[in-house]
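Engineer: Okay, sequence plus prediction incoming.
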Amino acid sequence: MYNLRKQGRNKVDGKVAGASFETQKRCLIIYLKGELDHHNAIQIREEADKLVEKNHIKHIIFDFSDTDFMDSAGIGVIMGRYKKVIFIGGKIAVTNVKSSVDRIFRISGLYKIIEKHDTVDAAMKSLI
Amino acid sequence: MNDTNEMVLEFESKSQNESFARTVVAAFAAQLDPTIEELSDIKTAVSEAVTNSIIHGYVDCVGIIRMHCKVCNNELTVEIRDTGVGIENIQKAMEPLYTTRPELERSGMGFSFMEAFMDKLEVESTPSMGTLVRMKKRIGKPNVLKDQRAI
């Protein structure tokens, strides 16, 4: 999960039950854990917004390496963060998306407003 | 031959029960030998219906959600019932992106996902009485060999 550690980017800036958070430059990386539903979404949303404000975050990456379930609450979390960063020219990316989660993104049409990348590194390169 | 099997589960409308409910239905549906994709569809649809009951049905209180599942031949039926506030206008509630709780960052995709992932969706609701969501999904193709043996 922390494949960034090798490159010295291992600072965990926040942790809740469903995710851990890392900031790099003006980019927030959210490593989701387990299942992203309404129950987990509440805490993830709060922690993400706290870090966005504190670290002047412009871009947000959601990493799905450890997540194989998401419902419409996940769409709500991503859309909510999109609405926050879009005003300062920020972007949202998702990485390591498995097929079950990919279907949710495709059906919801979210790929029209967010980027999909294979890895966090690839997303970082594209965003910054 | 009609192979049927049923189960009923009642639980409180607390958000930690969302994952419990969809996991139970997935385990019950396992007897139909679904693909991973079919299981994922069922879990998503159940999660949406249960979350609706928790957020919209029982707005400021904790109530009971009753889940009734049935398998008949290759078909799974899931009924999720609450006795919460009910829905005034079902047609409007089912419109994609429509939500009454934007402050909770609800995406308004709940019913759309239930429709997309299941074969059939029915919603019955009476204001102040509650809501019933009935979903059906056929799992795999009919088992021709087994049917022939039954004849």
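Structural biologist: Yep, that arrived.
Engineer: if I pick the closest residue to B:Cys72 other than its chain neighbours, what's in contact with it?
Structural biologist: With CB to CB, 6 or more residues apart in numbering or on different chains as the measure, B:Thr4 is the residue that lies nearest to B:Cys72, at 4.7 Å, once sequence neighbours are left out. C-beta coordinates here come from the backbone N, C-alpha and C atoms, glycine included. Shown in contact with B:Thr4 (CB atoms under 8 Å, 6 or more residues apart in numbering or on different chains): B:Lys70, B:Val71, B:Cys72.
Engineer: So which residues of chain B form helices?
Structural biologist: B:17-29, B:36-52, B:90-93, B:110-117, B:144-150 (DSSP state H).
Engineer: what are the bridge partners for the nearest residue to B:Val24 once chain neighbours are set aside, then?
Structural biologist: Nearest non-adjacent residue to B:Val24, counting by CB to CB, 6+ apart: B:Leu9, 6.0 Å away. Assessed by DSSP bridges, B:Leu9 has beta-bridge partners B:Met67.
Engineer: Make sure B:Leu9 is actually in contact with B:Ala21.
Structural biologist: Yes: B:Leu9 is within contact range of B:Ala21, at 7.4 Å (criterion: CB atoms under 8 Å).
Engineer: Between the two, which contacts overlap?
Structural biologist: When contacts are counted by CB under 8 Å, 6+ apart, B:Leu9 and B:Ala21 have B:Met67 as shared neighbours.
Engineer: Between the two, which is the more surrounded one?
Structural biologist: Higher neighbour count among B:Leu9 and B:Ala21: B:Ala21, with 23 against 16, using other CB atoms under 10 Å in any protein chain shown.
Engineer: which residues touch the more buried one?
Structural biologist: Contacts of B:Ala21 by CB under 8 Å, 6+ apart are B:Leu9, B:Phe11, B:Val46, B:Ser47, B:Val50, B:Ile65, B:Met67.
Engineer: Of the residues you listed, select the buried ones using a PyMOL command.
Structural biologist: Burial among these is assessed by 16 or more other CB atoms under 10 Å in any protein chain shown; the matching PyMOL selection reads:
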select buried, chain B and resi 9+11+46+47+50+65+67
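Engineer: Pick the one among the contacts of B:Ala21 closest to chain A.
Structural biologist: Nearest to chain A among the contacts of B:Ala21 is B:Ser47, at 4.3 Å by CB to the nearest CB.
Engineer: Could you identify the helix or strand that succeeds the helix or strand where A:Met79 lies?
Structural biologist: Using DSSP states H and E, A:Met79 sits in helix A:72-85. Sequence-wise, the next helix or strand downstream of helix A:72-85 (DSSP H and E) is strand A:92-95.
Engineer: Parallel or antiparallel, which strands does that next one pair with?
Structural biologist: strand A:59-70 (parallel), strand A:115-117 (parallel).
Engineer: Just the CA coordinates for that strand, please, in CSV.
Structural biologist: Taking C-alpha atoms only, strand A:92-95 is exported to CSV below (Å, rounded to 0.1, in the frame of the first residue of the first chain):
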residue,chain,number,x,y,z
ILE,A,92,-9.4,14.8,-8.9
ALA,A,93,-7.9,11.4,-9.9
VAL,A,94,-8.6,7.8,-9.0
THR,A,95,-5.9,5.1,-9.1
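Engineer: helix or strand right after that strand?
Structural biologist: Using DSSP H and E, the helix or strand that directly follows strand A:92-95 along the chain is helix A:99-108.
Engineer: do that next one and chain B meet at all?
Structural biologist: Yes: Helix A:99-108 reaches chain B (CB under 8 Å from any CB of the partner chain) through A:Ser99, A:Ser100, A:Arg103, A:Ile104, A:Ile107, A:Ser108.
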